[in-house]
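[1] The following comprises the amino acid sequence and a computationally predicted model.
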Amino acid sequence: MVSAPRRRYELTQSQKLMVFILAMSLYGISNMFSELIPEIKLGPIEIKVEYFAFIPLTLCILFNPLYAALGASFGEVIFGELLLGQFGGLGELEKFIEFTLAMYIAGLLVSDPRNRKQLALASFVAVGIDQMLSAIVDISKVWFGIEELEAVPGIPESIVLIEGLSFLNAMVITGILFSLLPTLFLVPRLYGKIEPLLGMKPRDSRVQVSFGKLMTPRLLITSILFVFIGVTGEFLSEADINIAVWEPEFLEQYGSGFMWVSVAAAALVLIVTLYAAVRAKSKNSQSTEGSQI
Amino acid sequence: MQAIKQSMLDKLSVEQIKIELMRTAFGRQSVLLSRFDPRILIVWYSFFAVAPWFFHNKTILLGMLVPMAVLTLSSKVSPLVLIIMGIGLVSEIMYILFGSLLFGGSLEAVWPLATLTVKILIISLASIAVFSSMDPEKLSDALLSMGMPAQFSFGVSYGYRMLPILIEEYHNLIHSFRLRGRSPRDKDFLRWRSLVYMGKIAVCAFYPLILNTAKRTRTTVEALEVRGFTYALISPDAKRLKLAYLRVKPLDFVFLGCSALYMIALLALGRIFVL
């Protein structure tokens, strides 16, 4: 190596395509199988494998997280839905955004693929973000779909309870058995072995991770967490207050109004996310240009 | 009992899953909705996927449900899909209801929950009717012409061709893992030990699969590059050539017109009869 400059991890166009296709086909195949695994139901508590989260997660950690996450989500839509004839239309868009965001953030969190602590953190963060966002969407669906929700006692608490249980189940079953353990097993083994097969260098842990890059994911997670808590709290408190003073006209307007507030909050989070990601990227490329000069 | 267990395990075998997947992915027949232009169908679907959320009038909702049911029946969806959807929907609503009773609610909750069920039913039936009657490659071309990145449409074609190979490979890996390993011999409660063993194999088999797929991906991408794939992805000429077969025919406008007329009539009816 003749004084190789400390280049940041960069990919050519075809390498990006390789990462994309790899993530797509692997996660697609795993998704087909996980859709067919039967689930055990104990009343409202379902014990089931949501997805094989370790595959996209491993690829996000080892390669460029953005392309791996996008590829995995596309793979889910194509293999798991389209080819199986169960494409859900607009509902898929929601899953797509949630999953890509979760995997991307988790992939960014890991700066050194050999660090087991980071791997463990990333595997919980990945499943956690995804499940949390989908819980928010589910709750707001019921909220928006039922006109006089506040007038019907018990339903809001019931939905929050059910969503909470399914979140817990996903974190335990998918998070530990199909995310944490396989990731800890696979990433150290594949690191340095799979990259040459795609004709690229392993992600180098010695490259300094800029402050901005470390900061953004943490910021994002907290912001998403706060949005989640906020929406749930708002949701419960509104329900409490409005039971007593319930007026059809007012509530109907207020109801859709609140829905738009939560949609706007979600959109805001998304925009901030994208903006932060783009900014971090441009900052990085600037700093590399600077160092190369 | 033993026989039932055995047949259950047979159903779960990878071979069975493989056949099932192949059948759903490759066996399609022409139905009523597949005659229309896929772009028109997507536009039609996106209206019916969003609209139910904005109506609280049950007359309108039930009126929307009828054509959805008819179209779903006409698109020859496998009954299994419908049954699974029905069970999922009913059980979800039931849990919410029981939960609300637990928190001191009453049976009055049934009525608003039924409205919600109808809404979800309209949306899911619309998506089943449209997307199960559409050939995936046609759908991806339609999305491409609507501005979806070309990677998606490539992914669909690639998935179609690679699916059998990938499944075969995964199957072989599982076979070789089972040949070299030893499955738990002692019978225990609910066979959980063998379930854990199968789960472990299913996860471990991904290690060689990831490496093999990486090799194959590199070959694929290099072959694609030789044929100028990345250029074709962004070139408008290539896109035009690929999508030349998509044409909106008068029949499509008839379909859209009928739907619009039906909706207008329904809205008018909803004003008169408020359920």
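    Looks like it arrived, so ask away.
[2] Kindly check the end-to-end length of stretch B:228-241 for me.
    15 Å (C-alpha to C-alpha, to the nearest Å).
[3] Identify each buried residue in that stretch, please.
    Neighbour counts over stretch B:228-241 (16 or more other C-beta atoms under 10 Å in any protein chain shown) mark B:Phe229, B:Thr230, B:Ala232, B:Leu233, B:Lys239 as buried. Where C-beta positions appear, they are placed from N, C-alpha and C, glycine not excepted.
[4] got a markdown table for those residues, with distance to chain A and pLDDT too?
    Below are the buried residues of stretch B:228-241 laid out as a markdown table (distance: C-beta to the nearest C-beta, whole Å; pLDDT from 0 to 100):
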| residue | distance to chain A | pLDDT |
| --- | --- | --- |
| B:Phe229 | 8 | 82 |
| B:Thr230 | 5 | 77 |
| B:Ala232 | 12 | 80 |
| B:Leu233 | 9 | 77 |
| B:Lys239 | 17 | 84 |
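[5] Next up, the contacts around B:Ala205.
    B:Tyr170, B:Leu173, B:Ile174, B:Phe177 (C-beta atoms under 8 Å, 6 or more residues apart in numbering or on different chains).
[6] same deal with B:Val118?
    B:Pro52, B:Lys58, B:Leu61, B:Leu62, B:Leu65.
[7] Could you say which helix or strand holds the fourth one?
    Per DSSP states H and E, B:Leu62 falls inside helix B:58-74.
[8] Just the ones of the buried residues of stretch B:228-241 in helices?
    If you go by DSSP state H, these have B:Phe229, B:Thr230, B:Ala232, B:Leu233, B:Lys239 in helices.
[9] I'd guessed the fourth one sits against B:Phe152; true?
    So the one you mean is B:Leu233. No - if you go by C-beta atoms under 8 Å, B:Leu233 and B:Phe152 don't touch, sitting 10.9 Å apart.
[10] what residues does the helix holding B:Leu62 touch?
    By C-beta under 8 Å, 6+ apart, helix B:58-74 touches B:31-33, B:48, B:51-52, B:55, B:82, B:115, B:118-119, B:121-122, B:125-126, B:128-129, B:259, B:262-263, B:266-267, B:269-270, B:273-275.
[11] how about it: buried residues?
    In helix B:58-74, counting by 16+ other C-beta under 10 Å, buried: B:Lys58, B:Thr59, B:Ile60, B:Leu61, B:Gly63, B:Met64, B:Leu65, B:Pro67, B:Met68, B:Leu71, B:Thr72.
[12] Repeat that for stretch B:139-156.
    Quick answer for stretch B:139-156 (16+ other C-beta under 10 Å): B:139-145, B:150-156.
[13] Check whether it comes near chain A.
    Yes - judged by C-beta under 8 Å from any C-beta of the partner chain, stretch B:139-156 and chain A are in contact via B:Leu139, B:Ser140, B:Gln151, B:Phe152, B:Gly155, B:Val156.
[14] tell me the contacts of the last one?
    For B:Val156, the contacting residues are A:Ile78, A:Leu82, B:Pro136, B:Glu137, B:Leu139, B:Ser140, taking C-beta under 8 Å, 6+ apart as the criterion.
[15] One more pass at 10 Å, please.
    A:74, A:77-79, A:82-83, B:135-141, B:143-144 (C-beta atoms under 10 Å, 6 or more residues apart in numbering or on different chains).
[16] of those residues, closest to A:Met171?
    Closest approach between those and A:Met171, by C-beta to C-beta: A:Val77, at 24.0 Å.
[17] Tally up the residues packed near that closest one, please.
    25 (other C-beta atoms under 10 Å in any protein chain shown).
[18] pLDDT wise, what is residue 146 at?
    Unless you meant another one, I'm taking chain A. What the model reports as pLDDT for A:Ile146 is 65.
[19] Wait, chain B was what I had in mind.
    Model confidence at B:Met146 (pLDDT) stands at 83.
[20] how much space between it and chain A?
    Per C-beta to the nearest C-beta, to the nearest Å, B:Met146 is found 13 Å from chain A.
[21] residues touching that residue, list them.
    B:Met146 touches B:Pro38, B:Arg39, B:Ile42, B:Val43, counting by C-beta under 10 Å, 6+ apart.
[22] quick one: which of those residues is most hemmed in?
    Neighbour counts for the contacts of B:Met146 (other C-beta under 10 Å) peak at B:Pro38, which has 24 neighbours.
[23] low-confidence ranges in the stretch 51-200 of chain A?
    Scanning the stretch 51-200 of chain A for pLDDT under 70 picks out A:85-86, A:88-90, A:145-153.
[24] Buried ones in the longest helix seen in chain B, by neighbour count?
    Counting by DSSP H, the longest helix found in chain B is helix B:150-180. Residues of helix B:150-180 classed as buried by neighbour count (16+ other C-beta under 10 Å): B:150-156, B:158-160, B:162-163, B:166-167, B:169-171, B:173-174, B:177.
[25] The strand or helix carrying B:Ser46 - contacts with which helices or strands?
    Assigned by DSSP H and E, B:Ser46 belongs to helix B:38-50. The contact analysis (3 or more C-beta pairs under 10 Å, 6 or more residues apart in numbering or on different chains; DSSP states H and E) places helix B:38-50 against helix A:90-109, helix B:58-74, helix B:110-132, helix B:136-145, helix B:250-272.
[26] check whether the last one contacts chain A.
    No - between helix B:250-272 and chain A, judged by C-beta under 10 Å from any C-beta of the partner chain, nothing touches; the nearest distance is 14.5 Å.
[27] CA atoms of that helix as PDB?
    The C-alpha trace of helix B:250-272 is given here as PDB (Å, rounded to 0.1, in the frame of the first residue of the first chain):
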ATOM      1  CA  PRO B 250     -61.200   3.400 -24.600                       C
ATOM      2  CA  LEU B 251     -62.100   0.500 -22.400                       C
ATOM      3  CA  ASP B 252     -60.100   2.000 -19.600                       C
ATOM      4  CA  PHE B 253     -62.000   5.300 -19.700                       C
ATOM      5  CA  VAL B 254     -65.300   3.300 -19.700                       C
ATOM      6  CA  PHE B 255     -64.100   1.600 -16.500                       C
ATOM      7  CA  LEU B 256     -63.100   4.900 -14.800                       C
ATOM      8  CA  GLY B 257     -66.300   6.600 -15.900                       C
ATOM      9  CA  CYS B 258     -68.400   3.800 -14.500                       C
ATOM     10  CA  SER B 259     -66.600   4.000 -11.200                       C
ATOM     11  CA  ALA B 260     -67.000   7.800 -11.100                       C
ATOM     12  CA  LEU B 261     -70.700   7.600 -11.900                       C
ATOM     13  CA  TYR B 262     -71.200   4.900  -9.300                       C
ATOM     14  CA  MET B 263     -69.500   7.000  -6.600                       C
ATOM     15  CA  ILE B 264     -71.600  10.100  -7.500                       C
ATOM     16  CA  ALA B 265     -74.800   8.100  -7.300                       C
ATOM     17  CA  LEU B 266     -73.600   6.700  -4.000                       C
ATOM     18  CA  LEU B 267     -72.900  10.100  -2.500                       C
ATOM     19  CA  ALA B 268     -76.300  11.300  -3.600                       C
ATOM     20  CA  LEU B 269     -77.900   8.200  -2.000                       C
ATOM     21  CA  GLY B 270     -75.800   8.800   1.100                       C
ATOM     22  CA  ARG B 271     -77.400  12.200   1.500                       C
ATOM     23  CA  ILE B 272     -80.900  10.800   1.400                       C
END
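[28] No more questions from me, cheers.
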